[in-house]
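Asker: below are the sequence and a predicted model for it; my questions follow.
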Amino acid sequence: MLYEGKRGCENCGNVKCLTSVVAFHWDECVESGFEKHLRPRITERCLAVAEHAMGMDNRDTYTRHGKKFYKPYRNYYETLVDDISWQILECYGLAMHGKVREDGEYKGLCHYHMTIKGMEWMERALEITIKNKEEYDYGERSV
């Protein structure tokens, strides 16, 4: 659904397409009557930054009864708001970012967080179960 006064993409539901680097196909999308699906592909780097956000590069998964589990200890990744991998994840609803810093040397930095939907995507991609997902879901609190 398009919101009055804002450009957005019905394919991805991203109402921030006007300023998003992942929406560089906007004009093509409009010309096709929103028939083309021009969302960017989720890359290996997207999965790698998601794993880092959840602390998976510092802790191993564990196995119980033949199934892999992971208990996160964090859910954040600080980077520039225009980081392409995070914008792709956000476009799919797998991640969200908090307030963008406006001060001095930190200008443009923000914390990205994986959403519950994003953690479920990670579970399927990595064939694991992430424990206590709700405990690490920042939802609208980080905006």
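Answerer: Thanks, I have it.
Asker: can you give me the helices for this structure?
Answerer: Residue ranges of the helices in the chain, as given by DSSP state H, are 26-31, 44-53, 84-91, 116-126.
Asker: can you list the domain ranges for this structure.
Answerer: 1-39, 44-142 (automatic domain parsing).
Asker: comparing the ones you listed by mean pLDDT, which bottoms out?
Answerer: Looking over the domains of the chain, mean pLDDT reaches its minimum on domain 1-39, with a mean of 52.
Asker: mind listing what's buried in stretch 100-120?
Answerer: Residues 101, 109, 110, 111, 112, 113, 114, 115, 118, 119 are the ones in stretch 100-120 that count as buried (16 or more other C-beta atoms under 10 Å). All C-beta atoms are positioned from the backbone trio N, CA, C, and that covers glycine.
Asker: distance to residue 81 added to those residues, as TSV?
Answerer: What follows is those, written out as TSV (distance: C-beta to C-beta, whole Å):
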residue	distance to residue 81
101	9
109	7
110	5
111	10
112	9
113	13
114	16
115	17
118	17
119	21
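Asker: strands along this structure, start to end?
Answerer: 62-64, 67-70, 77-80, 95-97, 109-114, 129-130 (DSSP state E).
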